[in-house]
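Undergrad: got a predicted model here, sequence first, then my questions.
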Amino acid sequence: MTIGKSPRSDARGSAVPSSGAPQPPVDPGTAVPAEDVPSIGRVLSRARIDAGLTVDQVSSTTRVRVPIVHAIEADDFERCGGDFYARGNIRLIARAVGEDGDALVARYDAAHGGAPGPKHATQLLDTGPIKVTDHRRPNWNIAMVAAIVAVVALIGFNLFSGSSATDGTPGEASAPLPSTAAAPSTASAQPPAPAPSLAPIAAAPADKVTVKLVAEKDKSWVTAKDSAGKSLFSNNLEEGQAQTFTDPKKINLVIGNAGAVHVFVNGKDLGPAGQDGQVVHLTYTPGDPQAG
C-alpha cells in the first residue's frame, strides 16, 4: 500500500507541492510596511550623498542655511519656521540633489495635516481694503517732502546769493596753485599799472639778483621766494601788471601760465618764461642769467 505524500509548507505558510518547486507569493500586491519606507530626510540625505554633494554645497545652491539642511535631513522640520517654509525648503533641496520635490512635499503634507486649502487665498483677498487705505497715506508724505525740499532750496538759494556777493570783494592771496584756471582773481590787491613795461631794469645791482616779471597778454599765477625760502609774492599777476624781486643770493619762481609772463633778470631781457599754459619752476642768481 503506497502512502501519499502531503504537501509541505514554506516559511510563509503557503503550500508547496511535494516536487519542491516554489510557488509565487499569495498576495503580490501587498504594500511595503511603513517602517521600511525611508523618511523624507533620509531620502534627501541619501540623494545628496549619491550626488557627491556636501551640505555646504547644497546650502550654497539653494540658499537654505546649513543648520536647516541638517535639520531637514534629520526630519526636524521645526527649524524651518512653519509648514510653508518647510515645503519650500524641501522642494529646493530635492531639486538640488535630483529628487522629486513634489512627491516629497506630498508626503510631508500627508504627515502634517495636508496641504493648505483655498481658504487662505480668500483671506488674502479680504485684506484688499486695508491696502487701498494705505495707498492714501503716501500722498501726504509726498506733499510734506515737497514742502521741505522747497524750503531747503529757498534757504540754499539765499545762502548762495550771500556767498556770491561776499566772493566779489577783494581778499588776501591764497596758497599757490599749479593751474591758473583754478586760481582766485585778486587783482585788486595789487597796485594797478598803467601799462606793461618791457624795458630792462635800470642800474640793476651787480652783487644781487634782480628779477622783473611783466604780464604781457594774459594773467598768470606767480609765486616768488627768496634764498631763505621766505615768500615774496603769491598771487595772480594780472595782464598789464609787473612785479620786481631782489635778493643777495637767489630768487625762486613758480609761474602758472609761462607764456603770458615776460622775464627780465639782472637787466637782461629773457623773453617769455615758457609756453602758454605751461607751469615752470625758475631759479636765478647774481651774474649773467640764462633763459628759463
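TA: The structure has been received and is ready for your questions. Numbers count the residues shown, from 1 in each chain.
Undergrad: hey, which helix or strand in this structure has the poorest pLDDT?
TA: Ranked by mean pLDDT, DSSP states H and E, the weakest helix or strand in the chain is strand 15-16, scoring a mean of 39.
Undergrad: next helix or strand past it?
TA: Helices and strands here follow DSSP states H and E; after strand 15-16, the next one along the chain is helix 40-50.
Undergrad: what's in contact with whatever helix or strand comes next after that next one?
TA: With elements assigned by DSSP H and E, the helix or strand that comes after helix 40-50 is helix 55-62. With C-beta atoms under 8 Å, 6 or more residues apart in numbering as the test, helix 55-62 has contacts from 48, 64-66, 69-70, 73, 89, 92-93, 95-97. For every residue, glycine as well, the C-beta is placed using N, CA and C.
Undergrad: which SS state does T210 fall under?
TA: strand (DSSP: H, G, I helix; E, B strand; the rest coil).
Undergrad: thinking it is in contact with Q243, fair?
TA: No: counting by C-beta atoms under 8 Å, T210 stays clear of Q243, with 11.6 Å between them.
Undergrad: hang on, the earlier thing: ok, and the most crowded of the contacts of helix 55-62?
TA: I93 (28 neighbours; other C-beta atoms under 10 Å).
Undergrad: returning to what we had before: tabulate the contacts of helix 55-62 (CSV), appending secondary structure, pLDDT and distance to I155.
TA: As requested, those are exported to CSV (DSSP: H, G, I helix; E, B strand; the rest coil; pLDDT from 0 to 100; distance: C-beta to C-beta, whole Å):
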residue, secondary structure, pLDDT, distance to I155
R48, helix, 94, 63
V64, coil, 93, 52
R65, coil, 95, 49
V66, helix, 95, 53
V69, helix, 94, 56
H70, helix, 95, 58
E73, helix, 94, 62
N89, helix, 94, 54
L92, helix, 96, 53
I93, helix, 95, 58
R95, helix, 95, 58
A96, helix, 94, 57
V97, helix, 93, 62
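Undergrad: which stretches of the protein have low pLDDT?
TA: 1-35, 114-139, 162-204, 290-292 (pLDDT under 70).
Undergrad: residue boundaries of the helices in it?
TA: Ranges of helices within the chain are 40-50, 55-62, 66-73, 83-97, 101-111, 119-126, 128-167, based on DSSP state H.
Undergrad: distance to W221 added to the ones you listed, as JSON lines?
TA: Below are those laid out as JSON lines (distance: least, C-beta to C-beta, whole Å):
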{"stretch": "helix 40-50", "distance to W221": "72"}
{"stretch": "helix 55-62", "distance to W221": "59"}
{"stretch": "helix 66-73", "distance to W221": "64"}
{"stretch": "helix 83-97", "distance to W221": "67"}
{"stretch": "helix 101-111", "distance to W221": "73"}
{"stretch": "helix 119-126", "distance to W221": "71"}
{"stretch": "helix 128-167", "distance to W221": "18"}
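Undergrad: follow-up on the earlier one: possible to save the contacts of helix 55-62 as a markdown table with distance to T285?
TA: Shown next, in a markdown table, are the contacts of helix 55-62 (distance: C-beta to C-beta, whole Å):
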| residue | distance to T285 |
| --- | --- |
| R48 | 84 |
| V64 | 79 |
| R65 | 77 |
| V66 | 77 |
| V69 | 81 |
| H70 | 83 |
| E73 | 87 |
| N89 | 84 |
| L92 | 82 |
| I93 | 84 |
| R95 | 84 |
| A96 | 81 |
| V97 | 85 |
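Undergrad: return the member of these nearest to N158.
TA: Nearest to N158 out of the contacts of helix 55-62 is R65 (C-beta to C-beta; 54.7 Å).
Undergrad: what's near enough to touch the closest one?
TA: Contacts of R65 (C-beta under 8 Å, 6+ apart): S59.
Undergrad: go again using 10 Å as the cut-off
TA: 59, 71, 79, 89 (C-beta atoms under 10 Å, 6 or more residues apart in numbering).
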